[in-house]
Structure formats: C-alpha cells, structure tokens
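> Requesting a structural model of the entry that follows:
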Amino acid sequence: MATYLQELVTAQKSGKAMGIISICSANPFFIRAGLEHARDRDRFVCIDSTGRQVNPDGGYAGLTPEAFARYIRQTAGSVRLDGKKIILGGDHLGPGAWSFENFDTAMAKARELTRQCVYAGYQKLHLDPSMPCKNDIKDGRPYLCLETIADRTALLCETAEAAAANDPIRKNRLIYVVGAEVPTPGGVVKGKNNIRVSSARDVEETIRTMRRAFIRKGLEDAWHRCIAVVVETGATFAPEAVYDYDSAKVRDLKLFIQNEKNLVLEAHSTDFQTRQALTDMVRDHFAILKVAPCLTFAAREALFALSYIEREWLGRRKGVRLSQLPDLMKKLMHTDQKHWQTHYTGDAAYLKYITAFGFSDRIRYYWAHPR
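Next up is the predicted model:
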C-alpha cells in the first residue's frame, strides 16, 4: 500500500502540482499548530526532527526519537487529530551532530540515531552523511567526494532496513530522501556569492551514484522507496537577507526531474519565501518544502511584543515583577554562544542586535533552557 508521500509523487508525475510542508522543528508551539492545521483542514501533516534536535544523546531539544514520537502522538491525541494523518520524519540523519569526531565514531552514532528513528515509528528518513567528519580531510581541508557520501548514505539505509526487518508493514512504509548537495541547515552564513543552484547534470550524477551504492548493498527494494532528492534551490536566507526563489534558474533541473519516475525534489530553507514563490516551487516539482526558522522567528516576534506590552502596561505598577524576556534571552545567548558563534560576526553592538533579531533565528536553540 502506497504511503501518502508516494501518492504525492505519483500525482506530481501525472502533472498535478501537489506538495506538502515539512515542519522541521521540535518546538511545541509549532508542533501543536501544525497538528491543529491538519485537523481543521483534514490534511496530512509532516513533522521532521533533525539529527541535532533529537538524537540518542537527547539533542538540543532534550529528546530521544522515541520521546519525540511519543510527544507527537500525545499532542495529536490532545487536539483530536487522527494519528494516521501524521508523517513523522527524520531530517539530516547522519553524523552531523558529531562531525567533530572521527568518521568511525560519528557514523556509529548516526547509525544508532537512524535505528532509533525506525524503532520510534518514523516513516520518512532524510539520510544525510554529506558533512565531513574530523578526519575527512584532503589537502588540509574538510572534504567528501560524491562516492563516499553515497556509500555512507547506503550504510545508513542498510541500518534502517535492518531495524525494520522483523516488521514487514513498517519496512514497506519506510521512505527515503537522499542528496549530496544539501543546503546548510539554518540558512547561509556568508553573502549572496555563496548561494548555489544545483545543476541538472550534478543531480543526475548524484542519483546515478546513489543508486549504484544502494544496489551494491542489496538495497534495490529500498531504492524504489526513495522518493526525493535534496538540492540547492537558490531560495534561502541569511542573518539579514532573504534570497527569493527564481524558477528560471532551475529550468533544466525541473525538466530533468520530471522524467525521473519515482523521484521529486525536496527543498530546504524555504522560510520567508512569498506565497507565489512557494507555489512556483511546487509547480517545479519541489514537492516537499521544509520550514522551521520562519516559524520560531514569528514566535520570537510575538513573545517579545508581549513583553514590550507588559513593560508599557505594568512597568510602573507596584508589586509587579516583569518577565524581562528579551533581556533574559540575550543574557542566555551571551553566556552560551555555541549555537550562534559560527553564524554571526561583528562588534558587540551588532551581535547584541543580530543574535536576537536575525533571520537565521539562532535564538530558537535557547527556548528550551530551564530559565
């Protein structure tokens, strides 16, 4: 029996511009909002957790895959959404969270992450070993060739298939997303000159190399359940800029992928794009659109606005203790800089501004802090 995402691919191949949003967040505000949106419109909802958010070590959300899946199911029950409408996915499943370690150690942890996602009932797995590990060095610089990325992708797939081997129904519902040109999670760090659009030739080579790697491991059946390829779309955001989607720049890629029988495109960093741009992306066979920072950015705007209202309304009243939320968040980010120091550079005044208000929304990593 085909999954909803497989049916979506079939619809795309028959000329119907259908797509789905993937809410890539462990933030309870957006999980609940996404589930309520699906309930009110009787639609499927796709919720992904990244390998950094949720993993066997707890991730920055403090959740294992099983705990995350359990939370999703409990929240769905509380909003009265049929659990069959939920597509639970893993995003950037690979060694990225442990890339500071050597390949063997990092990949062992990535395989355990993949295994736990399958056990927890995840259906959609984005297998992503595209980030070099500590000892992936060539000529003194971090480096991975396409063949290595494909081999590691197949290894992660083999792990997932083995984890589901004793449950044929679960195994047949596992679907995969692959890719070698994976956009940097959280938007670009540097300027516009760094923004790429994948070429049809490169994507064709990626698909061919991935297919060979799967076949070498006897994963032909799993390859047929691979539904999408992650590519560079040219649509992304930086700390102070949003780069719009331009359909003309992906013309060759669009023409190529529409002839791939079982594959569509998955777009990352579609945050802050216009309604028309998102419509164009779905028409151009980007059937899965991932979002997250624009959602937490909106929440930060709302919560800070409430704190400003609080200050104006109650600031002069005796016996009132204000939340001082913006100041608290800025102090937390100043004390623990690991979640933003590789994304932002500048003098003290600029860093005070950009850490709170930048489109990259690195502040989202701090909402789970006990304070």
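
> what about the residue nearest to residue 19 when sequence neighbours are not counted, how many residues close to it?
Distances taken as C-beta to C-beta, 6 or more residues apart in numbering place residue 282 nearest to residue 19, at 3.6 Å, with adjacent residues excluded. Every C-beta, even on glycine, is put in place using the N, C-alpha and C of the backbone. Residue 282 has 20 neighbours, counted by other C-beta atoms under 10 Å.

> Next: residue 94.
29.

> Quick one: residues contacting it.
51, 110, 127, 128, 129, 130, 131, 152, 156 (C-beta atoms under 8 Å, 6 or more residues apart in numbering).

> Restricted to strands, list those.
When the contacts of residue 94 are checked against strands (DSSP state E), the matches are residue 127.

> rewinding a little: secondary structure element for the residue nearest to residue 19?
helix 275-283 (DSSP states H and E).

> what do you get for residue 33?
Take DSSP H and E as the rule and residue 33 turns out to sit in helix 28-41.

> So which residues make contact with that helix?
By C-beta under 8 Å, 6+ apart, helix 28-41 touches 23, 25, 43-45, 47, 71-72, 75-76, 79-81, 85-86, 292, 295-296, 299.

> From the recorded domain assignment, give the ranges for this structure.
Using automatic domain parsing, the domains assigned to the chain come out as 4-291, 299-366.

> hey, which of the ones you listed is tucked in deepest?
Of all those, domain 4-291 carries the top mean neighbour count, a mean of 19, counting by mean count of other C-beta atoms under 10 Å.

> about what we covered before: please dump the domains of the chain into TSV; it should also carry mean pLDDT for every row.
Shown next, in TSV, are the domains of the chain (pLDDT from 0 to 100):
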stretch	mean pLDDT
domain 4-291	94
domain 299-366	94
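
> Next one: residue 322 from residue 226, what distance?
Distance, residue 322 to residue 226, using C-beta to C-beta, to the nearest Å: 52 Å.

> Ignore what I typed, I meant residue 277.
Distance of residue 277 to residue 226, given as C-beta to C-beta: 26 Å.

> Show me the contact partners of the top helix by length along the chain.
Using DSSP state H to define each element, the chain has its longest helix at helix 293-314. Defining contact as C-beta under 8 Å, 6+ apart, one finds that helix 293-314 is touched by 23, 25, 27, 29-30, 33, 186-187, 237, 271-272, 320, 322-326, 356, 359-361, 363-364, 367.

> I figured residue 237 hits residue 358, correct?
No - the pair residue 237 / residue 358 is not scored as a contact, 9.3 Å apart, by C-beta atoms under 8 Å.

> Now do the SS call for residue 107.
helix (DSSP: H, G, I helix; E, B strand; the rest coil).

> and it, how far is that from residue 214?
17 Å.

> And for residue 312?
Taken as C-beta to C-beta, the span from residue 312 to residue 214 is 60 Å.

> One more: residue 355?
42 Å.

> and the gap between the nearest residue to residue 136 once chain neighbours are set aside and residue 156?
Spatial nearest neighbour of residue 136, chain neighbours left out: residue 144 (5.5 Å); criterion: C-beta to C-beta, 6+ apart. Counting by C-beta to C-beta, the gap between residue 144 and residue 156 amounts to 14 Å.
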